[in-house]
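A.B. asks: sharing a model that was predicted from the sequence below.
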Amino acid sequence: MTKQQPAMTDADLHTLSDLSRYNCLHFGLYQAIIYEDQQQQEVREYSNFDIAREAAQLTGGLRALGIEKGDRVMVMMINCPEVIIAYQAIARAGGVIIPVMPLLKPLEVQYIARNSAAKAIFTSPILLPLAQGALTGISTMQHIIVTSAAVPTDTAPTVHAYRDVVAQGAARADDFLAPEDEVSVAPDDAAVILYTSGTTGNPKGVVLTHRNLIANALAGRGEEYVTRDEETQLAVLPLAHAFGILVANVFFLRGMTVIAHPRFDTSAVLSAIERYRIAAFAGVPAMFVALLYTPDADRYDTSSLRSCVSGSAPLPLAILEGFEKKFNCTILEGYGLSEASAALTGHSLSIPRKPGSVGVPLPGVELLIVDASDQPLPAGEIGEVIARGPNIMQSYYNMPEETAAAMRNGWLHTGDMGYLDQDGYLYIVERKKDLIIRGGFNVYPRDVEEVLNRHPAVIESAVVGVPSLRMGEEVKAFVVTREPVDAESLMAYCREALANYKTPSAIEFVDALPRNAIGKIDKKELRKRYVH
């Protein structure tokens, strides 16, 4: 049994590895994770002490493999408790976590491994062949740790069974809540390098410090959760994404019980809400779209659902309103980006909600709206959103010029266009690079998408600018429908609500919109695939 440790407070949180210790010492023993994989017919339960104990043992195993302070360790796994445990162990060992989306292709994985000079990787059995192929020839890569009992031998890099690495740290099992004494990690040391989706060229590595991530988690927790949050929540966000990492960190600070799924599946989600009386979950717009249009959703008792958090991409008003009406719960929309660890603004149940807005700045975050000369604009005027605060990234990894361009005058320039209202609520209009300039007039695609999405035949839409000799750019919409409708009818519908110059000149019907690994509509792919 672990020795008695003094209680921890918010002021004692300095590094990511403090989160698990804080959780145990602050809230005591409780059931933390119920992991369900319906495809594999697998259910596993973990107390918060189980998580802390396994993380401490895994730390010892990583040390035995030669992982030292500053070493980069990739984590490319399907969502499972081992992801959370690995994050805690890497941080405790003084390493730097490199989260990798399991949907990436081999060349993308190879680029991240080479660019970060990673020394080891955690992966899932189904991803092992991809990892081995992608990492062959990466000189820094020494160890592949896979959550499988049987592993191949005589391979390079060496493959280890996760359980064997944990077993190497067995000596730590009896004192798993003791502070780490083998390595000194400072709040301003790098904790995570998050590789962005690479909308222009290769992805950039966003360097987030322990201070960045702890500050954002504390701000995202909310003041009302000093005592344990006893509501059961659902965990379906990718844990390799900035939003998923933030939610996982908040999990420790709230003392939540979560039902964790390896992937998002509407039937599994609705079934879990009914069986576990789930009160809340965080998701991305694609998840709310899928649940809203699930034909048999009414079969399930979802009356326990009280609130949801939406982030990572704009949530169309038609989806927000439809989801809230169907499931009788409130959606709290927020805004952020990887460079902000990941949240800048949000709504909460304790403040007035303004649908269409992404809420107010989180505690400690400052926001400004500026013009092209970085001069502040008054309330109501559209400009670029810039931010500063303790959650803002340290840099882009080994990219000083890109860092200087993004962090001008001490402010992070987000590349997003928006405005603040008189009450300080932020409204995101569009990505700066997605702005369409038609005949000298600015067209914000989201304005057009909001109108299209209100049409009863439309499920969702995406609007991009396409080259035009006469107008410079024209407005083109890609639309997914639930019932037949012709393009001219949709254009006439748009003209009733929009100026003529904003109305699409072309509408293309598609079965589905392309999305990136987090579920965000990929407009770069739309332009590449559909613009002729």
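C.D. replies: Arrived safely, thanks for sending.

A.B. asks: okay, domains of the chain per the record?
C.D. replies: The record assigns the chain these domain ranges, following automatic domain parsing: 44-185, 435-530.

A.B. asks: mind putting those domains into a markdown table with mean neighbour count?
C.D. replies: In short, each C-beta sits where N, CA and C put it, glycine included. Compiled in a markdown table, the domains of the chain are given as follows (neighbours: other CB atoms under 10 Å):
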| stretch | mean neighbour count |
| --- | --- |
| domain 44-185 | 20 |
| domain 435-530 | 17 |
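
A.B. asks: switch the ones you listed over to TSV; also include mean pLDDT and distance to residue 337.
C.D. replies: Shown next, in TSV, are those (pLDDT from 0 to 100; distance: least, CB to CB, whole Å):
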stretch	mean pLDDT	distance to residue 337
domain 44-185	94	15
domain 435-530	91	11
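
A.B. asks: what comes up buried for stretch 10-17?
C.D. replies: Neighbour-count burial for stretch 10-17 flags 13, 15, 16, 17 (criterion: 16 or more other CB atoms under 10 Å).

A.B. asks: my guess is the second one meets residue 183, correct?
C.D. replies: Which is residue 15. No: the pair residue 15 / residue 183 is not scored as a contact, 10.3 Å apart, by CB atoms under 8 Å.

A.B. asks: can you map out the strands along the stretch 351-500 of the chain?
C.D. replies: Secondary structure of the stretch 351-500 of the chain (DSSP state E, counting those that start in this stretch): strands located at 360-361, 366-370, 383-388, 395-396, 412-420, 426-431, 436-438, 441-443, 458-468, 472-481.

A.B. asks: strand partners (parallel or antiparallel) of the last one?
C.D. replies: For strand 472-481, the paired strands and their directions (DSSP bridges) are strand 458-468 (antiparallel), strand 506-509 (parallel).

A.B. asks: what does the shortest one contact?
C.D. replies: By that I understand strand 506-509. 466, 474-481, 487, 490-491, 530 (CB atoms under 8 Å, 6 or more residues apart in numbering).

A.B. asks: tell me which of the strands of the stretch 351-500 of the chain sits nearest to residue 232.
C.D. replies: strand 360-361 (27.5 Å; CB to CB).

A.B. asks: so what secondary structure elements neighbour that closest one?
C.D. replies: Judged by 3 or more CB pairs under 8 Å, 6 or more residues apart in numbering; DSSP states H and E, the packing partners of strand 360-361 are strand 342-346.

A.B. asks: CA atoms only for the strand it packs on, dumped as CSV, please.
C.D. replies: Taking Å, rounded to 0.1, in the frame of the first residue of the first chain, the C-alpha atoms of strand 342-346 are listed here in CSV:
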residue,chain,number,x,y,z
ALA,A,342,-6.3,24.0,-26.9
ALA,A,343,-9.1,26.3,-25.6
LEU,A,344,-9.4,30.1,-25.7
THR,A,345,-13.1,30.7,-25.1
GLY,A,346,-16.1,28.8,-24.0
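
A.B. asks: now the residue lying closest to residue 395 once chain neighbours are set aside: how far from residue 206?
C.D. replies: Take residue 395 and drop its neighbours on the chain: the residue closest to it by CB to CB, 6 or more residues apart in numbering is residue 403, 4.4 Å away. Plainly put, residue 403 is 10 Å away from residue 206 if you go by CB to CB, to the nearest Å.

A.B. asks: what touches both of these two?
C.D. replies: residue 396.

A.B. asks: those two: who's more crowded?
C.D. replies: Per other CB atoms under 10 Å, whichever of residue 403 and residue 206 has more neighbours is residue 206, with 26 against 18.

A.B. asks: which residues are in contact with residue 263?
C.D. replies: Going by CB under 8 Å, 6+ apart, residue 263 touches 78, 79, 236.

A.B. asks: residue 35: which of these is nearest?
C.D. replies: residue 79 (8.7 Å).

A.B. asks: could you look up the SS state of the closest residue to residue 21 other than its chain neighbours?
C.D. replies: Of all residues not flanking residue 21 in the chain, residue 177 sits nearest, at 5.5 Å (CB to CB, 6+ apart). Secondary structure, DSSP: H, G, I helix; E, B strand; the rest coil: residue 177 is coil.

A.B. asks: correct me if wrong: residue 177 contacts residue 22.
C.D. replies: No: assessed by CB under 8 Å, residue 177 is found out of contact with residue 22, at 10.0 Å.

A.B. asks: wait, residue 521 touches residue 527, no?
C.D. replies: No: at 11.8 Å, residue 521 does not count as touching residue 527 under the criterion of CB under 8 Å.

A.B. asks: spatially nearest residue to residue 100, not counting backbone neighbours?
C.D. replies: residue 76 (3.8 Å).

A.B. asks: would you confirm that the one you found contacts residue 109?
C.D. replies: Yes: under the criterion of CB under 8 Å, residue 76 makes contact with residue 109 at 6.7 Å.

A.B. asks: for those two, list the residues in contact with both.
C.D. replies: Here residue 76 and residue 109 share the contacting residues 100, 131, scored by CB under 8 Å, 6+ apart.

A.B. asks: where does the prediction get shaky in the stretch 251-400 of the chain?
C.D. replies: The stretch 251-400 of the chain contains no residues with pLDDT under 70.

A.B. asks: report the contact partners of the residue nearest to residue 257 when sequence neighbours are not counted.
C.D. replies: In space, and not counting its chain neighbours, residue 257 is closest to residue 232: 5.0 Å by CB to CB, 6+ apart. Contacts for residue 232 (CB under 8 Å, 6+ apart) come out as 256, 257, 258, 259, 276, 277, 278, 279.

A.B. asks: mind listing which of these are in helices?
C.D. replies: Using DSSP state H, the members of those that fall in helices are residue 276.

A.B. asks: in PyMOL, select just the buried ones from the contacts of residue 232.
C.D. replies: In PyMOL syntax, the buried subset of the contacts of residue 232 is picked out as below (16+ other CB under 10 Å):
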select buried, resi 256+257+258+259+276+278+279
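
A.B. asks: identify, from the contacts of residue 232, the entry nearest to residue 71.
C.D. replies: In terms of CB to CB, no member of the contacts of residue 232 lies closer to residue 71 than residue 258, at 29.3 Å.

A.B. asks: please name the nearest non-neighbouring residue to the closest one.
C.D. replies: residue 235 (4.4 Å).

A.B. asks: test my guess that that neighbour contacts residue 262.
C.D. replies: No: using CB under 8 Å, residue 235 is not in contact with residue 262; the gap is 10.2 Å.

A.B. asks: can you list contacts of stretch 493-501?
C.D. replies: Contact with stretch 493-501 is made by 438, 439, 441, 443, 447, 448, 451, 452, 455, 502, 503, 504, as judged by CB under 8 Å, 6+ apart.

A.B. asks: list the contacts for the closest residue to the fourth one other than its chain neighbours?
C.D. replies: If you skip the residues right next to it in sequence, residue 443 has residue 436 as its closest partner in space, 4.1 Å away by CB to CB, 6+ apart. For residue 436, the set of contacting residues under the criterion of CB under 8 Å, 6+ apart consists of 442, 443, 444, 445, 463, 464, 465, 473, 475.

A.B. asks: what residues are bridge-paired with the nearest residue to the fourth one once chain neighbours are set aside?
C.D. replies: Closest residue to residue 445 in three dimensions, ignoring its sequence neighbours and counting by CB to CB, 6+ apart: residue 463, at 3.8 Å. Legend: beta-bridge partners of residue 463 under DSSP bridges are residue 477.

A.B. asks: residue 504 is in contact with residue 463, correct?
C.D. replies: Yes: using CB under 8 Å as the test, residue 463 is close enough to residue 504 to be in contact (6.8 Å).

A.B. asks: list residues touching both of the two?
C.D. replies: 448, 475, 476, 477.
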